[in-house]
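Student: take a look and give me a structure for this.
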Amino acid sequence: MTWTSILLHCLLLYPVYQVLGTIRHEFAHVLAALFQGVEVLEVRVFPSRIEGKWYWGFVRVDPNARLSRWFFGAPYLVSALTIALGFAVVPYLTGHEWLAAVIFCWASPALDTLWNLCKWWFKDTGDFKQIVS
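Tutor: Model (predicted):
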């Protein structure tokens, strides 16, 4: 596998990895909400613009629900499990399958976590703000 094919693979399939990562993130919120008995009103996993702000995805729940830190932290627990899965799967793959697994199991969860940490550090918003407050 050449660097050119790796770069082409990453560029062409970026939207697929982004949507898969968003699905992983948002449905972790959904599962956490359901475990807490909170009604989920809406789930979006494609980029959306709402009230002038862009979102990769979001989960809308009952506005009167009291959400625990687990609701906001669930995507990062799922990311940790996905990274662990990568250690079990990636060594047995080769070529493009290896690259896809590295991106999905390691790069995507790491970048999702970094993105949300940056939102907390620089804008004081997002999941991590709710986790530490």
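
Student: ok, which stretches of this structure are helices?
Tutor: 3-35, 69-89, 95-102, 108-123, 127-132 (DSSP state H).

Student: give me the buried positions along the first one.
Tutor: Which is helix 3-35. 9, 13, 17-18, 21-22, 24-33 (16 or more other CB atoms under 10 Å). The way it works is simple: take the backbone N, C-alpha and C, and place the C-beta from them, glycine included.

Student: could you give the mean pLDDT of that helix?
Tutor: In this model, helix 3-35 has a mean pLDDT of 89.

Student: likewise for stretch 67-85?
Tutor: Mean predicted confidence for stretch 67-85 is 96.

Student: quick one: P109 from P15, how far?
Tutor: 17 Å (CB to CB, to the nearest Å).

Student: L81 too?
Tutor: 24 Å.

Student: repeat that for G86.
Tutor: Using CB to CB, G86 is found at 21 Å from P15.

Student: what of E39?
Tutor: Distance, E39 to P15, by CB to CB: 31 Å.

Student: re earlier: can you add distance to K53 and give the helices of the chain back as CSV?
Tutor: Formatted as CSV, the helices of the chain follow (distance: least, CB to CB, whole Å):
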stretch, distance to K53
helix 3-35, 16
helix 69-89, 18
helix 95-102, 31
helix 108-123, 11
helix 127-132, 15
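
Student: no further queries at this time; thank you.
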